[in-house]
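[1] need coordinates for the below:
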Amino acid sequence: MSETPDAPRGGVPEFRGAGRSLEVLRAEAHDELAALIELRCRGGEDPWDVVPSLPTVDEQVVIGIRADARGVEGVPVAGGLGAEDELRFLRGVALWHPELSRAVWSLMGRIDAASH
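    Below you'll find the model as predicted:
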């Protein structure tokens, strides 16, 4: 697994699971979000408060891809990255799965806003 988002094929990121179909990635993300909703609601939170605070399924796919690329269970393999590195990685994800472009742009906007 590469620690950098750039791959020899024109900047497309290398990460575990890169060859999985978007349909499979979305199904996994849906299951993760459903489990998170159930966990938080069983903990006493109101579903009307929980659901709006969660990422969309496609955003969760991108978050999962990033976690796979950056380390086991989302723990960074090489320390923290700067905003520019994160943005470069996300652009690579959008190249790998163009259908995720809207989610990538949404997450890029959040990173950009947080870095200022």
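
[2] for the chain, which spans come out with low pLDDT?
    Scanning the chain for pLDDT under 70 picks out 1-19, 71-81.

[3] who's sitting farthest from the centroid in it?
    No residue in the chain sits farther from the centre than G44, which is 26.8 Å out by Cα atoms, centre = their mean.

[4] which of the three states applies to that residue?
    coil (DSSP: H, G, I helix; E, B strand; the rest coil).

[5] which SSE is the residue nearest in space to the middle of the chain in?
    Closest residue to the average C-alpha location of the chain: I63 at 1.4 Å, with Cα atoms, centre = their mean. In this structure, I63 sits in helix 57-70 according to DSSP states H and E.

[6] before we move on, what about E28?
    Counting by DSSP H and E, E28 is found in helix 22-42.

[7] what does the helix or strand following that helix contact?
    Sequence order places helix 47-50 as the next helix or strand after helix 22-42, per DSSP H and E. Residues outside helix 47-50 that contact it (Cβ atoms under 8 Å, 6 or more residues apart in numbering): I37, R40, C41. For the C-beta atoms, the positions are set from N, CA and C on the backbone; glycine is no exception.

[8] any idea how far A27 is from A34?
    Counting by Cβ to Cβ, to the nearest Å, the gap from A27 to A34 is 11 Å.

[9] thinking again about what came up before, list the buried residues in the helix holding E28.
    Neighbour counts over helix 22-42 (16 or more other Cβ atoms under 10 Å) mark L25, R26, E28, A29, E32, L33, R40 as buried.

[10] in PDB, list the C-alpha atoms belonging to it.
    Output in PDB follows, covering the C-alpha atoms of helix 22-42 (Å, rounded to 0.1, in the frame of the first residue of the first chain):
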ATOM      1  CA  LEU A  22     -18.400   1.800  -6.700                       C
ATOM      2  CA  GLU A  23     -21.500  -0.300  -6.100                       C
ATOM      3  CA  VAL A  24     -19.700  -2.400  -3.500                       C
ATOM      4  CA  LEU A  25     -18.100   0.700  -1.900                       C
ATOM      5  CA  ARG A  26     -21.500   2.400  -1.600                       C
ATOM      6  CA  ALA A  27     -23.100  -0.700  -0.100                       C
ATOM      7  CA  GLU A  28     -20.300  -0.900   2.500                       C
ATOM      8  CA  ALA A  29     -20.700   2.800   3.300                       C
ATOM      9  CA  HIS A  30     -24.500   2.500   3.600                       C
ATOM     10  CA  ASP A  31     -24.000  -0.300   6.100                       C
ATOM     11  CA  GLU A  32     -21.500   1.700   8.100                       C
ATOM     12  CA  LEU A  33     -23.800   4.700   8.300                       C
ATOM     13  CA  ALA A  34     -26.800   2.500   9.300                       C
ATOM     14  CA  ALA A  35     -24.700   1.000  12.100                       C
ATOM     15  CA  LEU A  36     -23.700   4.400  13.200                       C
ATOM     16  CA  ILE A  37     -27.300   5.600  13.200                       C
ATOM     17  CA  GLU A  38     -28.400   2.600  15.200                       C
ATOM     18  CA  LEU A  39     -25.500   3.000  17.700                       C
ATOM     19  CA  ARG A  40     -26.200   6.700  18.300                       C
ATOM     20  CA  CYS A  41     -29.900   6.200  18.600                       C
ATOM     21  CA  ARG A  42     -29.500   3.400  21.100                       C
END
